[in-house]
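Enquirer: 3D model of this:
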Amino acid sequence: MEDDTRGQRRVAAAPWADEQTRQHLQVLVEGVATLAGFEQSSLTLRRDDHFEVVAAAGVEDGFVGTEVPRESIEDDLAGADEWGVWRFVPHHRASAEALAYSHIPDVTPLDAEDAWHPLDLLAAPLHDDQGRLRGLLSVDSPRDGRLPSAETLEVLTKYAGVARTLVLLALEREELSEKIRMASQAREIVRQALGEPTLDLILEACRSTVVACFDAVGMWLTVLDTDGGPARTTSYAAGDDYEVPPFAEIDDVVIRLARRYWGDQYVAPFSRSNADQPGLPPEDAERLLGFLDRIGIGSVLFVPLGVGPECLGFLVLTRVSDARTWTDVEIDAALDIGHDLGRAVANARQLELERAIVDRLRKLDSYRVEVVNTLGHELRNPLFSMSANLELLTTATLDEDARRSVAAATRGAARMRAVIDDLLTMAQVSDPNREFDPVAIDLRRVVHDVYDECHASASAGDVACHAELPDTPMRVSGDPEELHRLLTNLASNAIKYTDPGGSVTVRLAAEGDTVVVSVADTGIGISELDQAQLFREFFRSTNPAALSRPGTGLGLAIVARIVSRHGATVELDSERDRGTTVTVRFPAYVGELAADDVQPA
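Expert: You can find the predicted model right below:
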């Protein structure tokens, strides 16, 4: 009889397992054929919903890889005669379906009672420790043309035991390889997804890897909002004609399942043949199946996402049909990915929250700047009028009490003007929308100008001022007015809080790729408690000696803002009654300069 006359074989697209494993199994089938006296032998293994011929001896090329329906083999074994561990199906009981997938030798049977018929089937079912059928060792066409004797069956039984051991080892090795592959791809998925700031970017980063990893055709990812409802669903499928399905139709069912399955740490392989799932009533299962039918999906793997006890959403992997079942390895890997993508989603949610807070703070900051600017300018006009009238009064003939009152009012107006000026400066350097267009500046010139301006007030307070400047330019990139204000605030503070007979020294030097300016005084110093809050707006020292001297509490806050805008750092070293040193470090300017860009001090 000719081979391949009773049906259409389906051949696997890719060889099973690795080359070394295939060689071991090939040696096995060749050995059983040779030593047990058969011309042909084969080994067939369970592959999901079918069996596949993975090794054969004495048959034509192309037989290895043939796929046989699971039901065909199970039906034949159920009606077979038991010969120890082997099962025999005489030719008159062999099913037509099984024969359609068999290799049938072209031989004529002997005319004897114990003759072997070409359609006879002799196979040893190979079960694992849980009793599951994992494979089949078959022999055919004995050399003597007769049914196996007791001695031959004894040899075959030994080979069946060896075959079972090799098959289970091969399957274990394959499962381990699959776990390693899935774990490697899962790590790649996590690497791509973690750190992405939005749900769309998370999906874009890992979608192709996820789909390929699970041999799926598409996926969708739903993230729950903080109230537990669907915040966002994004999806992906291969093909140019993909249309986004109406996922909202089934949100009530799948969100409830996601919460339950995250608590149970359960991944659900769902299809029409596997619709009985925990917590899923039959009517809801029919709704889901109807939805999947409409979008052309036959099988899904439903994976809950979360962090800790909180369910954050779910991932659904899709296949066109349920012909290929979701394996245990895939289900375990999917649960791991549910944890990893849950972390990615939590990170993205936290980033979105932080961005929202930053945006709100930025808006509040802009509003505050606008209010301060408006308030400052509105106060300036009446203050100017009041100051002008007070100045006129100083030229009038007044008695002693009136002169004292005018002087007190003039001092009050001056303090108010200082507060307004500081408020407007603070608003200016804090404005997030204000452009910052730095230029090259020689800090020696700025220090020199500040020294000239502060010298008079220092002399009035009997405070000696010193400036130690290098001979070479100390260039930084910055805003001239802001840098002048920064150094003026530091110098005037040092002079104000230094008692008569003390000194203030400004030093300027280069240290590597930084320009360092320090303002040191021998004044009253600052306690450790006050230093922690010194650069906060409107903070005034708890030291009574400092409180007795006028100030707005904005000077050092302005310094801190200007330092931040220039990419610099500020440090303070102080101790009560031992003076203070404030050090500011600027990045040195490294750009090219035109001849007249910077004038020497």
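Enquirer: all strands for the stretch 401-550 of the chain, in order.
Expert: Ranges of strands in the stretch 401-550 of the chain, per DSSP state E, counting those that start in this stretch, are 439-442, 464-468, 475-478, 503-511, 514-521.
Enquirer: Could you name the helices and strands sitting against the first one?
Expert: Spelled out, that is strand 439-442. Here strand 439-442 touches strand 475-478, helix 480-496, going by 3 or more C-beta pairs under 8 Å, 6 or more residues apart in numbering; DSSP states H and E. In short, each C-beta sits where N, CA and C put it, glycine included.
Enquirer: Could I get those in JSON lines, plus columns for mean neighbour count?
Expert: Below are the helices and strands packed on strand 439-442 laid out as JSON lines (neighbours: other C-beta atoms under 10 Å):
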{"stretch": "strand 475-478", "mean neighbour count": "21"}
{"stretch": "helix 480-496", "mean neighbour count": "21"}
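Enquirer: can you tell which of those is closest to residue 57?
Expert: strand 475-478 (80.9 Å; C-beta to C-beta).
Enquirer: who does the closest one touch, helix- and strand-wise?
Expert: strand 439-442, strand 580-587.
Enquirer: got JSON lines for those strands, with mean pLDDT, distance to residue 536 and mean neighbour count too?
Expert: What follows is these, written out as JSON lines (pLDDT from 0 to 100; distance: least, C-beta to C-beta, whole Å; neighbours: other C-beta atoms under 10 Å):
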{"stretch": "strand 439-442", "mean pLDDT": "90", "distance to residue 536": "28", "mean neighbour count": "18"}
{"stretch": "strand 580-587", "mean pLDDT": "92", "distance to residue 536": "16", "mean neighbour count": "20"}
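Enquirer: Among those strands, which comes closest to residue 46?
Expert: strand 580-587 (68.5 Å).
Enquirer: just the angle between the closest one and helix 480-496, please?
Expert: 160 degrees (axes from the mean of the first three to the mean of the last three C-alpha atoms, to 10 degrees).
Enquirer: mind checking which of the strands of the stretch 401-550 of the chain is nearest residue 167?
Expert: Closest among the strands of the stretch 401-550 of the chain, using C-beta to C-beta: strand 514-521, at 71.0 Å.
Enquirer: And that closest one, what's buried?
Expert: Using 16 or more other C-beta atoms under 10 Å as the test for burial, strand 514-521 gives 515-521.
Enquirer: for stretch 262-277, same thing?
Expert: Quick answer for stretch 262-277 (16+ other C-beta under 10 Å): 262, 266-271, 277.
Enquirer: Kindly report the same for stretch 249-261.
Expert: Applying 16+ other C-beta under 10 Å to stretch 249-261 flags 250-251, 253-255, 257-261 as buried.
Enquirer: contacts for that stretch?
Expert: The contact list for stretch 249-261 (C-beta atoms under 8 Å, 6 or more residues apart in numbering) reads 222, 224, 228-230, 266-268, 277-280, 284, 287-288, 291, 302, 304-305, 311, 313-314, 316.
Enquirer: Now restrict the residues you listed to buried residues only.
Expert: 222, 224, 230, 266-268, 277, 280, 284, 287-288, 291, 302, 304-305, 311, 313-314, 316.
Enquirer: Among these, which lie within helices?
Expert: 284, 287-288, 291 (DSSP state H).
Enquirer: helices or strands up against the helix or strand harbouring residue 390?
Expert: For residue 390, the host element (DSSP states H and E) is helix 328-394. Counting contacts by 3+ C-beta pairs under 8 Å, 6+ apart, helix 328-394 packs against helix 150-193, helix 199-213, strand 218-224, strand 299-307, strand 310-319, helix 400-430.
Enquirer: would you turn the strands of the stretch 401-550 of the chain into a markdown table with distance to residue 40?
Expert: Putting the strands of the stretch 401-550 of the chain into a markdown table (distance: least, C-beta to C-beta, whole Å) gives the following:
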| stretch | distance to residue 40 |
| --- | --- |
| strand 439-442 | 90 |
| strand 464-468 | 101 |
| strand 475-478 | 85 |
| strand 503-511 | 87 |
| strand 514-521 | 84 |
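Enquirer: where does the stretch 151-300 of the chain dip in pLDDT?
Expert: Scanning the stretch 151-300 of the chain for pLDDT under 70 picks out 176-199, 203, 228-231, 239-242.
Enquirer: Need the per-residue pLDDT for residue 538.
Expert: Per-residue confidence (pLDDT) for residue 538: 65.
Enquirer: And for residue 370?
Expert: Value listed for residue 370 in the pLDDT field: 65.
Enquirer: Just give me how far stretch 403-411 sits from the chain centre.
Expert: In terms of C-alpha atoms, centre = their mean, to the nearest Å, the centre of stretch 403-411 is found 66 Å from the chain centre.
Enquirer: picking that back up, could I get the buried residues of strand 514-521 as JSON lines with distance to residue 109?
Expert: Formatted as JSON lines, these follow (distance: C-beta to C-beta, whole Å):
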{"residue": "515", "distance to residue 109": "103"}
{"residue": "516", "distance to residue 109": "104"}
{"residue": "517", "distance to residue 109": "108"}
{"residue": "518", "distance to residue 109": "109"}
{"residue": "519", "distance to residue 109": "112"}
{"residue": "520", "distance to residue 109": "113"}
{"residue": "521", "distance to residue 109": "117"}
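Enquirer: Redo the residues you listed as CSV? Include pLDDT.
Expert: Below are those laid out as CSV (pLDDT from 0 to 100):
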residue, pLDDT
515, 94
516, 94
517, 94
518, 93
519, 92
520, 92
521, 91
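Enquirer: Which one, of the helices and strands packed on strand 439-442, ends up nearest to residue 67?
Expert: strand 475-478 (71.9 Å).
Enquirer: starting at the chain centroid, how far to that closest one?
Expert: With C-alpha atoms, centre = their mean, you get 39 Å for strand 475-478.
Enquirer: Near residue 205, how many other residues are there?
Expert: Per other C-beta atoms under 10 Å, the neighbour tally for residue 205 reads 18.
Enquirer: can you give me phi and psi for the closest residue to residue 245 other than its chain neighbours?
Expert: Leaving aside its chain neighbours, residue 245 sits nearest to residue 295 (4.5 Å; criterion: C-beta to C-beta, 6 or more residues apart in numbering). Main-chain dihedrals, residue 295, degrees, to the nearest 10: phi -100, psi 10.
Enquirer: do you know how far the closest residue to residue 301 other than its chain neighbours is from residue 256?
Expert: Nearest residue to residue 301, sequence neighbours excluded (C-beta to C-beta, 6+ apart): residue 317, at 4.3 Å. Counting by C-beta to C-beta, to the nearest Å, the separation of residue 317 from residue 256 is 20 Å.
Enquirer: ok so, going back, how about a markdown table for the helices and strands packed on strand 439-442, with distance to residue 463 added?
Expert: As requested, these are exported to a markdown table (distance: least, C-beta to C-beta, whole Å):
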| stretch | distance to residue 463 |
| --- | --- |
| strand 475-478 | 27 |
| helix 480-496 | 5 |
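Enquirer: Thanks again, I'm all set now.
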